Structures are given as C-alpha cells and as structure tokens.
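Undergrad: Only the shape, not the letters, is given here:
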Ligand code: HEM
Ligand SMILES: CC(C)=CCC/C(C)=C/CC/C(C)=C/COP(=O)(O)OP(=O)(O)O
C-alpha cells in the first residue's frame, strides 16, 4: 500500500486513540466524583446494588467508563500494530510502547477499585490515566509534525514570521493597512454617539462575557462550601469586575496606541485616530479603577477589591508594559491576569481563598496559551509588524501549534481534576468531555489544514469550550444545588 496513505491512516488512528483516551480520563474522574463506582461491585461483570435502578445516571456513567476503556484499549492496540508496520519515529514508538505497557496495569487497577480499592489505588489509577493520555498526545503531536514537515505545501507557514529574536523591532512595511480616517459627524447627537462608542471600545467589551462567567463560576464553586451567595453580592462583584476589565483594557489601549497603528487588526482603534485624546482615556481608566474599587469595598469585601486592583495592575502594567513587548513568555505569564477573576469570585462569597478557586484559576491559566496562540498564528505577520515577540512570530507556527496542543492537553486534564476537587457531577462531566473532544479535534485539524481560518476557528472553539464548562459549573452549583 502507498506509504503516505499508511502514515496518514496511522496518524488518524492515533488521533482517534488520543481523543478516546481523553474521554476515558474525564469519564474516570466523573465516576470517582459522582460515586458511580458504588453502583457496580464486581468485575468483569457488574453486580448491581439493589437500591440502584437499571437506568440510573451512576450506572450509565459507570458503564460509559467501562466501554470507553474497552474502546481505548482496542485503539491503543490497533495504533501499536499499525505503527509497527511503518518506519516510526523512535520517540513515537517509545511513547506508544509506554501506553501499551501501562494500559493493562491501568485495567488491573480499575478492577481492584471495583472490588474494593483504597484511596491510594484511586490516586494511582487517576495519575496513570493522565500519563497514558500524555504519552498518546505527545506521540500524536510528533507524528502530525512529521507529516507537516513532509508536506511541502506548509513550508511557508512553518517558518517564523520575522527574525528569531526575543525583542522584535516594530517593522515598517508597505503592507500596513491604509485605514480610512473616521470622519467626525456634524450633528451633536452623532458626535456624542461616536465618542461614547469610542469610550466603550476602550473597555474591550468583547472580553467581558467570558471573564464574567469566570467570576460567577468562582462564586458558584464557593457556594459548595455551604456559604450562601446573596444576589446583591453577585451583582456588585460583576459590576466591580466589569469596571475593572474596562479600566485595564483602557490602559492597554493608551500604552499600545503606537503599535496598534502598525497592525491591521488594531489600526482602527479609537486612540489611533484621536477619537479620544490619550490624556482623557487615561483619566477614564483611572475613574473606572476608582469606581470598581469603591463598588467592591462598599458592597463586597476588602480582599475582593484588593485582588481586583492586583488584576488591573497585572494586565495593564505587568502584561502590557513589561511582558508583552519583551518576551515570548508574555502569553503564558500574562494568563495570571485572566485567572484572577476565578479567585475574586470565590473571595466575594467566602472572604478567603480556597482550593477549588485555585483549581479553576489553574484551568484558565493553562487554557490561555491554547486560546491565544491560535489567534497569534493567524495574525503572526500583524504581530511582527507591531513588533511584539509573540510565540508564533519568534518560534514559528509549528512550534506554536505544538504548544497549543500541549497546553490544551494540560487544560483538559486540569479541568478533570477541578471536577474531582470540587465534586462536580453529570452536567460538568458531559459538557467538559464533549467540548473538550471538539477542542482537541479542532487543534488536530490545524495540522491537517494549516490555514489561518482553521487556526482562527480553534481560537473561537477555545472560547466556546471555556464558556461551556463555566456555564456547566454555574448550572451545577447555583441552579441545581441552589
Ligand atoms: C495573556 C492572556 C490573553 C491574551 C494575550 C488574549 C488575547 C486575545 C486577543 C488578542 C483577542 C482579540 C481581541 C480583539 O480583537 O478585540 C482576544 C479575544 C478574546 N479573549 Fe483573549 N486573551 C487572553 C486571555 C483571555 C482570558 C483569560 C479570557 C477569558 C477568560 C479571554 C477571553 C477572550 C474573549 C471572550 C475574546 C473575544 C472573542 C471574540 O471576539 O468573540 N482571553 N483575546
Ligand atoms: C478583573 C480584571 C481586571 C481582569 C483583567 C484580566 C484581563 C482583562 C484579561 C484578559 C487578557 C486579554 C484579553 C488580553 C488581550 O490581549 P492583548 O491586550 O494583548 O490584545 P490586543 O492585541 O487586542 O491589545
């Protein structure tokens, strides 16, 4: 058979195996947290406790996990056999070999759990599941990269967009977009409307829905401690949060106005065209910061207000001034700013910091590179023009895709751990498994069809994934439990 076709089939098989292994890990943590394991007490058959009906959610979840284990086991075996027949990269061979060896051990641990295992066995079972998934994901990425390198059509897109250096100088090019200078309308109402629109743009309103969901999910998790969430606290936290996001977005616009002018994506921003003078924008940002602090101190608590101030400083100063123009680590380290609303939401309800809040913050932190690198791949030329050392600009597209895949893997695993840590149930399990598999598939697709449109689609899928798991947390904690 044609070698290329065989390789292609092998990488398809490995992709399916990796997705199946993820579903298995996520179902496994869901089985642990929902107590589904108690619905079946024998192995390999399933002797059911008489108190549990034949169609109970727990039993279905339990069987889902068992069927997923069977399917994944078959896929791992098939991938190993298929890999045997082609000239595999040695590292891929070792990784798949590890999965093949570890899988029966994992099955034995699972059987021990059913007939009465200890918490050590449970912990080992969870860790081994993650190791198997990680082996498969790394093997998959290496295989897809090999395919991409062989594919001469990709040569242009895998190279860095500018000289490989940490400090990328702004590039003057003839291809900068000639943005039409917006006209100042004549009528008073139209002028006021244009100025109001410009101030609204400064606050980066498109980011707010997801950051608000993060904060509400943080509040929801906090209610699992038994603390109650007053509607006034929820509203005040969101109002304070929206004002804070607006403030930090405004400071970001002020500081970046010169670089924004060079980039197609940002060349129509209000400060580029003096729709708002920079001094007024700065005053607006300060006003929003003070208003945010006042709302949070008055109606929420001092710790929530202090953390929100830290979040503004993190995004507006640490990320925008220090990290973004100077290091390829800007996105990874900058993720802390977006993670803080999870802790702020929790603190608003409890007055102190707790482990599930840190768990949710860790999910956002790990998700951020998987979210942003896909966008930065699509806009790499633009970022090079702006002089920003974004990862795909400095390291090239293939390296960036590899990071997207690895951070995505870490996000999926940390989301499973969060479900386990917070004791989340069905809705969260089904949502995170479904959307997680869609997210994984969209990133794999970037290798198959390496176009900017496909990368952009992954960026949007990243937002839907996070949005969906946050809504699931909110439903489970505030709607079902509340
Ligand atoms: C260092 C961290 C991050 C970077 C560098 C980053 C970068 C970006 C960029 C450049 C955009 C396009 C913005 C525009 O064109 O107006 C964007 C959009 C967006 N980001 Fe992020 N982001 C980060 C973290 C986050 C976090 C933590 C969240 C929320 C939890 C988030 C949610 C969103 C949303 C909802 C959009 C709008 C997508 C749309 O246009 O529909 N981002 N991000
Ligand atoms: C509670 C609080 C204040 C939270 C703040 C956290 C926050 C706003 C995080 C979002 C980070 C973000 C969307 C950066 C956009 O990238 P960019 O600024 O590099 O994008 P650009 O190229 O469009 O300017």
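TA: The structure has been received and is ready for your questions. Note that the structure is a prediction, hence the values are computed from the model and not measured. Residues are numbered from 1 along each chain as shown. Ligands and ions are numbered 1, 2, ... in the order given.

Undergrad: Break the protein down into its structural domains.
TA: 3-147, 198-481 (automatic domain parsing).

Undergrad: a markdown table for these, including mean pLDDT and distance to ligand 2?
TA: From N, CA and C alone the C-beta is placed, and that goes for glycine too. Shown next, in a markdown table, are the domains of the chain (pLDDT from 0 to 100; distance: least, Cβ to the nearest ligand atom, whole Å):
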| stretch | mean pLDDT | distance to ligand 2 |
| --- | --- | --- |
| domain 3-147 | 84 | 25 |
| domain 198-481 | 96 | 4 |
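
Undergrad: how about those domains in a markdown table, adding distance to residue 185 and mean neighbour count?
TA: Below are those laid out as a markdown table (distance: least, Cβ to Cβ, whole Å; neighbours: other Cβ atoms under 10 Å):
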| stretch | distance to residue 185 | mean neighbour count |
| --- | --- | --- |
| domain 3-147 | 51 | 18 |
| domain 198-481 | 11 | 21 |
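
Undergrad: mind giving me a markdown table with those domains and columns for distance to residue 192?
TA: Output for these, formatted as a markdown table (distance: least, Cβ to Cβ, whole Å):
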| stretch | distance to residue 192 |
| --- | --- |
| domain 3-147 | 51 |
| domain 198-481 | 11 |
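
Undergrad: Ok, which of the ones you listed comes nearest ligand 1?
TA: Across the domains of the chain, ligand 1 has its closest neighbour in domain 198-481 (2.0 Å, Cβ to the nearest ligand atom).

Undergrad: Pull the distance from that closest one to the chain's centre.
TA: Domain 198-481 sits 9 Å away from the centroid of its parent chain (Cα atoms, centre = their mean, to the nearest Å).

Undergrad: Could you tell me which residues make contact with the closest residue to residue 346 other than its chain neighbours?
TA: Among residues not flanking residue 346 along the chain, residue 357 sits closest, at 3.5 Å (Cβ to Cβ, 6 or more residues apart in numbering). Neighbouring residues of residue 357 by Cβ atoms under 8 Å, 6 or more residues apart in numbering: 218, 221, 222, 342, 343, 345, 346, 347.

Undergrad: Quick check: residue 24 vs residue 425, distance?
TA: 18 Å (Cβ to Cβ, to the nearest Å).

Undergrad: no no, residue 202
TA: 41 Å.

Undergrad: Verify the stated contact: residue 300 with residue 348.
TA: Yes - under the criterion of Cβ atoms under 8 Å, residue 300 makes contact with residue 348 at 4.9 Å.

Undergrad: shared neighbours of those two, which are they?
TA: Common neighbours of residue 300 and residue 348 (Cβ under 8 Å, 6+ apart) are 233, 236, 237.

Undergrad: Not including adjacent chain positions, what is the nearest residue to the last one?
TA: Spelled out, it's residue 237. That would be residue 348: by Cβ to Cβ, 6+ apart, it lies 4.3 Å from residue 237.

Undergrad: That neighbour: which element?
TA: helix 330-350 (DSSP states H and E).

Undergrad: which residues sit in contact with the residue most central in space within the chain?
TA: Centroid-nearest residue in the chain: residue 367, 2.4 Å away (criterion: Cα atoms, centre = their mean). Applying Cβ under 8 Å, 6+ apart to residue 367 gives the contacts 335, 407, 411, 462, 465, 466.

Undergrad: Look up how far residue 18 lies from it.
TA: From residue 367 over to residue 18 (counting by Cβ to Cβ), the distance is 18 Å.

Undergrad: How about residue 416?
TA: From residue 416 to residue 18 the distance is 15 Å (Cβ to Cβ).

Undergrad: Same question for residue 444.
TA: 8 Å.
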